[in-house]
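Visitor: Need coordinates for the following:
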Amino acid sequence: MLAIGMTLVAACQPSDNQNQNKNATANTNGTTTANKNQTLSPPLSMTCWTLQIRVHDSKTTPGGYDIDDPGDVTLSLGLKQKVNWCVVYDGVNQSNSPDEIEINSFATTVTPVYRNPLDDSTSDDDYHIPAAQFGDNCVTFCHPPKPNVELGSYKYTIKAWKGGVVKGQLDPRVIINT
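Guide: Purely as a prediction, here's the structure:
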C-alpha cells in the first residue's frame with residue numbers, strides 16, 4: 001500500500017525536466033529572433049515603417065562589411081504605408097564605419113520586370129544615407145509607393161561604401177500590396 005501511495009505522489013508531481021525543456025525551447029526561440037532586425041510596429045493611421053540596417057565589420061573580408069537582412073517589409077497602399085531606413089553601425093572602431101549606405105536597384109522578382117516602386121520626387125531609386133545620419137542621428141524620410149505602382153515583391157540592393165568602393169552588399173525585399 002505504501003508503494004502505491006509513493007507512486008501516486010511521484011506521478012502527481014510536476015516534472016522539472018519538462019519545465020526546463022519548455023524554458024530551453026523558449027530561450028532558444030527568443031535568442032534566434034532577438035538578433036534579427038525587426039520592423040517597428042507603426043501606428044494605425046498614416047504609417048512609416050522604419051527598417052534598421054545593421055552593419056558590422058566583416059568577419060571574413062578584411063576592411064569589408066556584413067549587413068544583416070532587415071527582413072521583408074510589406075507596404076499597404078490602402079493604409080498609405082511608407083518605408084524609411086535607419087542605419088546602425090556597430091563595429092569596434094566608429095572611424096571604420098562606411099562612408100555611406102546606398103539603397104537602390106528596386107525590381108520585381110517576376111517578369112515583366114517593374115522598377116522604382118517608391119515615390120520620392122526623383123527619377124531614380126537611389127537613396128543615400130551618409131555616415132553622419134547613422135544611429136542616433138537617423139533622419140526619417142518616409143518613402144511612399146508610387147500612386148500607380150505595380151503590386152508585388154521588389155528586390156533591392158543595400159551597399160556599404162568606403163573610400164568610393166563597395167565593401168558590403170545585401171539584397172532584401174519590399175512587398176507592395178493593396
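Visitor: need the contact list for Ser58.
Guide: If you count contacts by CB atoms under 8 Å, 6 or more residues apart in numbering, Ser58 has them with 64-66, 167-168. Just so you know, the C-beta spots here come from the backbone N, C-alpha and C atoms, and that holds for glycine as well.
Visitor: Closest to Asn96 out of the residues you listed?
Guide: Using CB to CB, Tyr65 is the member of the contacts of Ser58 that sits closest to Asn96, with 9.1 Å.
Visitor: For the closest one, give its distance to Ser58.
Guide: 6 Å (CB to CB, to the nearest Å).
Visitor: Quick check: neighbours shared by those two?
Guide: Shared contacts of Tyr65 and Ser58, counting by CB under 8 Å, 6+ apart, come down to 167-168.
Visitor: Quick check: the spatially closest residue to Leu77 that is not a sequence neighbour vs Leu75, distance?
Guide: Distance criterion CB to CB, 6 or more residues apart in numbering; nearest residue to Leu77, sequence neighbours excluded, is Thr178 at 5.6 Å. From Thr178 across to Leu75, the span is 10 Å (CB to CB).
Visitor: who's more crowded, the two?
Guide: Leu75 (23 against 7; other CB atoms under 10 Å).
Visitor: ok, and what's touching the helix or strand where that one lies?
Guide: Assessed by DSSP states H and E, Leu75 sits inside strand 73-76. With CB under 8 Å, 6+ apart as the test, strand 73-76 has contacts from 39, 49, 51, 81-83, 144-145, 174-178.
Visitor: Let me know the next secondary structure element after it.
Guide: Taking DSSP H and E, what comes next after strand 73-76 is strand 81-89.
Visitor: in that following strand, what counts as buried?
Guide: Going by neighbour count (16 or more other CB atoms under 10 Å), the buried part of strand 81-89 is 81-87, 89.
Visitor: One more: stretch 60-75?
Guide: 64-68, 70, 73, 75.
Visitor: Then stretch 88-95?
Guide: Buried, per 16+ other CB under 10 Å, within stretch 88-95: Tyr89.
Visitor: how long is it end to end?
Guide: Length of stretch 88-95, first residue to last, CA to CA, to the nearest Å: 14 Å.
Visitor: neighbouring contacts of that stretch?
Guide: 52-57, 65, 97-98, 131, 134-135.
Visitor: just the buried members of those residues?
Guide: 52-57, 65, 97-98, 131, 134.
Visitor: what's the weakest-modelled helix or strand in the protein?
Guide: One helix or strand of the chain scores below all others by mean pLDDT, DSSP states H and E: helix 16-34, with a mean of 37.
Visitor: What's the first helix or strand after that one?
Guide: Downstream of helix 16-34 (by DSSP H and E), the next one is strand 47-57.
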